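[1] What shape does this take:
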Amino acid sequence: MRVLLIDDDAEVRGVLPAALQRRGIQTRAVEGVADARSCMASESFDALLLDIAMPGTSGMEFLADLRQTGYRDPVILVSAHEAVQERVKGLALGADDYVVKPFDPEELVERIRAVVRRNRRVPVLTRGDLVVDVGRRSVRRAGRKVELSPREFDVLLVLLEADGEVVTRDQLLREVWDMPAEPGTTMVEVQITRLRKKLDRDSPHLIQTVVGRGYRLMPLV
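    Numbering: from 1, shown residues only. Purely as a prediction, here's the structure:
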C-alpha cells in the first residue's frame with residue numbers, strides 16, 4: 001500500500017513516513033500542493049493524507065479541486081483543529097476520513113486501511129430497483145436520483161453489502177462511525193430515519209427494523 005503525505009510541517013514529514021513504513025505502508029511525503037500534483041502525475045497512490053492548514057493552496061481547496069476533476073481515490077484530511085464545523089466541511093467536500101493531530105500511528109494505519117478497503121469494493125451494487133454506484137457515491141431508486149449525505153451513503157452501503165442479513169446497531173457504529181457501542185447515542189437511528197424518508201418516498205419500504213436485533217434491506221424484485 002502506498003500513501004502520499006502532503007504536509008508543510010517538516011517534523012511530520014520526517015517522522016510519520018517512518019512510523020507508517022514500520023507498519024507496512026510506504027509513504028511519500030511532500031511539502032505542498034504543487035509538489036503533490038507533480039507526484040500524482042507520475043506515480044499512483046492508494047490514499048492521500050492531506051493537511052488542511054498549508055500556505056498557498058489549502059488542503060480544503062485542493063480536496064475540492066480533486067473531487068471536481070473526478071479524482072476518486074481516498075483522501076484523509078489531517079488537522080490540528082477538532083472543530084465540528086471543519087470536519088463537516090471536509091466530509092462534505094468529499095474527504096473519506098478526518099484525523100486530528102497528534103494521532104496514534106496505529107489508529108492512523110487502521111483508518112488508512114479502512115478507507116482503501118472501502119474504495120476497492122464492487123463499483124456498482126443493485127437490489128431490486130435500487131442502484132448504488134460506489135465509485136461515484138451516487139444512488140438511484142426506481143430511476144430517481146436520491147441525494148444522500150456522506151454518512152447516509154455509508155450506512156446504506158453497509159446494509160446493502162450485508163445482502164439481506166441483519167446489521168446490528170453496534171456494527172453500524174463500528175463500520176460507519178468507527179466508534180464502540182454507545183447505548184446513549186441516537187446517531188444510528190437518526191441516519192436510518194433520514195434514509196427511509198429519502199429512499200422510500202415513492203417506492204416499497206426498503207429498510208426493515210428487526211426488533212431487538214438491528215436493520216436489514218428487504219428483498220426487492
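[2] Dead centre of this structure: give me the residue that sits there.
    What sits nearest the mean C-alpha location of the chain, by Cα atoms, centre = their mean, is residue 96, with 3.0 Å.
[3] For this protein, which element, helix or strand, carries the lowest mean pLDDT?
    The least trusted helix or strand in the chain, going by mean pLDDT, DSSP states H and E, turns out to be strand 124-127, with a mean of 84.
[4] Packing partners of the longest helix along the chain?
    In the chain, with assignment by DSSP state H, the single longest helix is helix 105-119. Packing partners of helix 105-119 (3 or more Cβ pairs under 8 Å, 6 or more residues apart in numbering; DSSP states H and E): helix 10-21, strand 47-51, strand 75-79, strand 97-100. For the C-beta atoms, the positions are set from N, CA and C on the backbone; glycine is no exception.
[5] where does residue 140 land in three-state SS?
    Put simply, residue 140 is strand when judged by DSSP: H, G, I helix; E, B strand; the rest coil.
[6] OK, contacts around it?
    Listed by Cβ atoms under 8 Å, 6 or more residues apart in numbering, the contact partners of residue 140 are 130, 131, 146.
[7] Take the residues you listed and keep only those in strands.
    Using DSSP state E, 130, 131, 146 are the members of the contacts of residue 140 that sit in strands.
[8] Do me a favour and get the end-to-end distance for stretch 209-219?
    14 Å (Cα to Cα, to the nearest Å).
[9] Go through that stretch and flag the buried ones.
    By neighbour count with 16 or more other Cβ atoms under 10 Å, stretch 209-219 contains the buried residues 214, 215, 216, 217.
[10] Now the second one. Its backbone dihedrals?
    Dihedral angles of residue 215 (phi, psi; degrees, to the nearest 10) stand at phi -140, psi 160.
[11] Let me see the residues that make contact with stretch 115-129.
    1, 46-47, 72-74, 76, 96-97, 131-135, 141-143, 157, 160-161, 203, 206, 217, 219-221.
[12] Please check those and keep the buried ones.
    46-47, 73-74, 76, 96-97, 131-132, 134, 141, 157, 160-161, 206, 217.
[13] Quick one: residues contacting the residue nearest to the centre of the chain.
    47, 74, 75, 76, 115, 118, 119.
[14] Stretch 209-221: how far from the chain's middle?
    Its chain's C-alpha centre lies 24 Å from the corresponding centre of stretch 209-221 when counted by Cα atoms, centre = their mean, to the nearest Å.
[15] swap in stretch 183-191?
    19 Å.
[16] which parts of it are buried?
    187, 188, 191.
[17] Let me see the mean pLDDT of that stretch.
    Averaging pLDDT along stretch 183-191 yields 87.
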